[in-house]
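Q: structural data only, the sequence is not supplied:
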C-alpha cells in the first residue's frame, strides 16, 4: 500500500510507504494520504497522529518519473495530484489533534511540506531538507510558500527556495524547521515517547491551542485576544479542565483520559 495507517491505543501512525521510489507522491498515494488523514480526524479515540516514511527517506516529493511520462498532460496531472495533497495538508494543520512528523531521512518538494506540517518535527541526524522544485522547473506546492516564511523568516525562505538549497538536520534545527534532532537509531523511540506524552495531554485544549497559533498570523491583537477568550472559556467547560484544576489543587498528576 502507498500509505500505511495503523492505530495503536490513542496513537495513529501514517507511513508514506513507497520506499522503492523514496516514498514519492503520485495521485493515488495523495488520495490514500487524504483518506488516512480523514480517518484520523474522524476517530475520537485517536489523540495524536504520527507521520513518517518507510525505508531510508521521508519523502522525495512528487513522482518525477510519472511527471515525465505525462508529457503534454502534465498540467492536468499536477492539478489532480495537488487537489488531494493540499486537502491532506490542510486537514493535518487544522485537525484538533497534535501531529508529530518523524523525519527519518531526506525530504524534498511536497515531502518537505509534509515534514514541516507537524507541531513537533523530530528529525533523524541523517535527515536533510530541500525544496527541489527549481531543479525540475516547477514552483512549490504543498504549502511550502506558506510554511517556510513563517518558520525561518522571509529572507531565509527566499534563499532556500530560489537557490534550491539543501539543509542538514542540524541546519534545519538552527533555522526553525525542526523541533528536535536525534540519532537515527533513536528516532522511533523518541517519536513514541513524544506520542505518549501528547496522547496523555488534554486533547481539546491542545486542539484549540493549535488553531490559535495557526490563525495568529492573520489576526490583529484585539481579534486574537477575543479568540483566546472564547477558547479558554470553552476549555473551562470540559472535563479536562476540571481534572487539571483538581489535580493542581490536590498536588497530583492529572489524568486527561475521557475514555
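A: Looks like it came in fine. Keep in mind that this is a model prediction, so the values were computed, not measured.

Q: where do the strands sit along this structure?
A: Read by DSSP state E, the chain holds these strands, from start to end of the chain: 3-8, 11-16, 48-53, 99-103, 106-108, 120-124, 128-130, 166-168, 180-182.

Q: what's the last one packed up against?
A: Pointing back at strand 180-182 there. For strand 180-182, the contact count by 3 or more CB pairs under 8 Å, 6 or more residues apart in numbering; DSSP states H and E identifies strand 120-124, helix 169-174 as packing neighbours. C-beta: built from backbone N, CA, C; applies to glycine.

Q: hmm, try it at 10 Å
A: strand 120-124, helix 169-174, helix 187-199 (3 or more CB pairs under 10 Å, 6 or more residues apart in numbering; DSSP states H and E).

Q: which residues touch the nearest residue to residue 131 once chain neighbours are set aside?
A: Counting by CB to CB, 6 or more residues apart in numbering, the nearest residue to residue 131 once its immediate chain neighbours are dropped is residue 161, at 5.0 Å. Contacts for residue 161 (CB atoms under 10 Å, 6 or more residues apart in numbering) come out as 130-134, 139-140, 144-145, 148-149.

Q: so of those residues, which ones are in helices?
A: 144-145, 148-149 (DSSP state H).

Q: using CSV, lay out the strands of the chain together with mean pLDDT, distance to residue 80 and mean neighbour count.
A: Written out in CSV, the entries for these read as follows (pLDDT from 0 to 100; distance: least, CB to CB, whole Å; neighbours: other CB atoms under 10 Å):
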stretch, mean pLDDT, distance to residue 80, mean neighbour count
strand 3-8, 96, 17, 15
strand 11-16, 98, 19, 24
strand 48-53, 98, 22, 26
strand 99-103, 98, 25, 27
strand 106-108, 97, 21, 27
strand 120-124, 98, 28, 25
strand 128-130, 98, 24, 23
strand 166-168, 97, 28, 17
strand 180-182, 97, 35, 16
